[in-house]
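>>> Coordinates for the following, if possible.
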Amino acid sequence: MSLLPEQADYLEHVQAYFLAFRGDGVALSPLDAALLASWREQGIPYPVVCRGIRRAAETLLQDAPQGARIRTLRSCKSSVLREFQRYQGLSAGGRPASPDCPPAAPESYAQKRLSKARKLLEKSLAEAPSPIHRLAIERALGLLNLAASDPGGVANLISRADEALALSFARLLPFAERRALVRQARLAAGPKPEGASLRARKDALRAHLVALARAQGKLVALV
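Next comes the predicted model:
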């Protein structure tokens, strides 16, 4: 499936995904809708927007009181643009280029990201506190050994490994713990917005499960 669906599908998918994190409402505000339309015009792929929303939501949960939620899509703007920079192979938050220190080529930056992700997982594997952690980390490392060279491919590979780490951990938990985690994810996502696509709903539920599993297992974040 294309990373950039037709406009109606793109807007619907991202809206449903975001609303599952906001927890209420059935539509975006006019300002948020305009921002989303601009992201599509810039060619920001749907999975990249979703990664940015997820990272913004996780950051808020870490820094804010329990139960805090993202309220506007605009609050995710910097996170989405940062993920898009990574997708393009551009260093996010780096120092400006100068004649004496030219910017790294996108491919070089992407490979540095991939190497950093591998080292992070290798360090986590060496310090794994349980067999469940070790198996989950090994599965994520296996994905990072797949071939990828262009910035977009590397970004997607790291994202897949990040999800695989958390989801593998969740699946390896004892049945009662796994079921409780899935219930928490469904509660966090709230009811399915009227008219929302099945794909967007599944993506949102998976993202909530990734965040909850990461927190429970104290897993590293690769994206």
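
>>> nearest spatial neighbour of the spatially most central residue of the chain, skipping sequence neighbours?
Against the mean C-alpha coordinate of the chain, by C-alpha atoms, centre = their mean, the closest residue is residue 51 at 3.1 Å. Leaving aside its chain neighbours, residue 51 sits nearest to residue 83 (4.7 Å; criterion: C-beta to C-beta, 6 or more residues apart in numbering). To be clear about C-beta, it is placed using only N, CA and C from the backbone, and glycine gets the same treatment.

>>> Can you tell me the number of residues neighbouring the one you found?
Residues within reach of residue 83, counting by other C-beta atoms under 10 Å, total 27.

>>> and if you look at residue 119?
Considering only other C-beta under 10 Å, residue 119 is surrounded by 10 other residues.

>>> Run the chain-centre distance for the helix or strand containing it.
For residue 119, the host element (DSSP states H and E) is helix 106-126. Centroid displacement of helix 106-126 relative to its chain, using C-alpha atoms, centre = their mean, to the nearest Å, is 17 Å.

>>> other SSEs contacting that helix?
helix 131-144, helix 151-172 (3 or more C-beta pairs under 8 Å, 6 or more residues apart in numbering; DSSP states H and E).

>>> Need the residues that contact it.
86, 88-91, 104, 133-134, 137-138, 140-141, 144, 148-151, 153-155, 157-158, 161, 165, 219-220, 222 (C-beta atoms under 8 Å, 6 or more residues apart in numbering).

>>> where does the residue nearest to the centre of the chain fall, helix, sheet strand or coil?
helix (DSSP: H, G, I helix; E, B strand; the rest coil).

>>> Tell me the spacing between it and residue 184.
21 Å (C-beta to C-beta, to the nearest Å).

>>> Enumerate every residue touching residue 166.
136, 209-211, 213-214, 217, 219.

>>> Recalculate using a threshold of 10 Å.
With contact taken as C-beta atoms under 10 Å, 6 or more residues apart in numbering, residue 166 is in contact with 136, 140, 206-207, 209-217, 219-222.

>>> quick revisit: could you give me the buried positions within the helix holding residue 119?
106, 109-111, 113-114, 117-118, 120-121, 124 (16 or more other C-beta atoms under 10 Å).

>>> which strands and helices sit next to the one helix or strand residue 86 maps to?
Per DSSP H and E, residue 86 falls inside helix 77-88. Using 3 or more C-beta pairs under 10 Å, 6 or more residues apart in numbering; DSSP states H and E as the contact test, the elements touching helix 77-88 are helix 30-41, helix 46-63, helix 106-126, helix 151-172.

>>> Least reliable of those helices by average pLDDT, please.
Of all the helices and strands packed on helix 77-88, mean pLDDT reaches its minimum on helix 46-63 (a mean of 84).

>>> Centre of the chain to that one, how far?
That offset, for helix 46-63, works out to 6 Å (C-alpha atoms, centre = their mean).

>>> So which elements touch it?
helix 7-22, helix 30-41, helix 77-88, helix 151-172, helix 198-217.

>>> let's see it at 6 Å
Using 3 or more C-beta pairs under 6 Å, 6 or more residues apart in numbering; DSSP states H and E, the elements in contact with helix 46-63 are helix 7-22, helix 77-88.

>>> List the buried residues for the first one?
If I follow you right, that is helix 7-22. In helix 7-22, counting by 16+ other C-beta under 10 Å, buried: 9-22.
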